[in-house]
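**Student:** Structure for this input, please:
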Amino acid sequence: MTRDQVKEVIERVLTWPRERQEDAVQMLLALEAREGELYHPNDDEWAAIEEGFAQAKRREAVSADEIAVLFKQRDS
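**Tutor:** So this is what the prediction gives:
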């Protein structure tokens, strides 16, 4: 991402409702505070990661088409 792209996004953020702008600021401040830190998944995330590894060991997989359908459902 270029500096110009970042500036464009920030310009759009300034058009958002105040509440959404505050959410964006809080997210950016949280990212800034964590700069250089490693991510530590919570218990639910670890469980999902472990289940994913177990599924991979069992050679269970989802096709790219099935994943695309999930993303379409989420975005609509």
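**Student:** Tally up the residues packed near H40, please.
**Tutor:** One way to gauge burial is a neighbour count; for H40, by other CB atoms under 10 Å, it gives 7. Just so you know, the C-beta spots here come from the backbone N, C-alpha and C atoms, and that holds for glycine as well.
**Student:** And the pLDDT at the residue in the chain sticking out farthest from the centre?
**Tutor:** Within the chain, R58 marks the point farthest from the mean C-alpha position, 27.0 Å out by CA atoms, centre = their mean. For R58, the pLDDT comes out at 90.
**Student:** measure it to Q26 for me?
**Tutor:** Using CB to CB, to the nearest Å, we find R58 at a distance of 40 Å from Q26.
**Student:** Kindly report the same for Y39.
**Tutor:** Y39 sits at a distance of 18 Å from Q26 (criterion: CB to CB).
**Student:** Repeat that for E37.
**Tutor:** Counting by CB to CB, the gap from E37 to Q26 is 17 Å.
**Student:** Looking at the two, which one has more neighbours?
**Tutor:** A count of neighbours by other CB under 10 Å puts Q26 above the other of E37 and Q26, at 10 against 7.
**Student:** Can you say which helix or strand has that one in it?
**Tutor:** Under DSSP states H and E, the secondary-structure element containing Q26 is helix 18-33.
**Student:** So which elements touch that helix?
**Tutor:** With contacts taken as 3 or more CB pairs under 8 Å, 6 or more residues apart in numbering; DSSP states H and E, helix 18-33 sits against helix 3-13.
**Student:** can you state the direction angle for the helix it packs on and helix 18-33?
**Tutor:** Orientation note: helix 3-13 sits at an angle of 140 degrees relative to helix 18-33 (axes from the mean of the first three to the mean of the last three CA atoms, to 10 degrees).
**Student:** ok so, going back, how near is the residue farthest from the centre of the chain to D75?
**Tutor:** The span separating R58 from D75 equals 29 Å under the rule CB to CB.
**Student:** can you check D44 too?
**Tutor:** From D44 to D75 the distance is 23 Å (CB to CB).
**Student:** V6 too?
**Tutor:** The gap separating V6 from D75 is 24 Å, by CB to CB.
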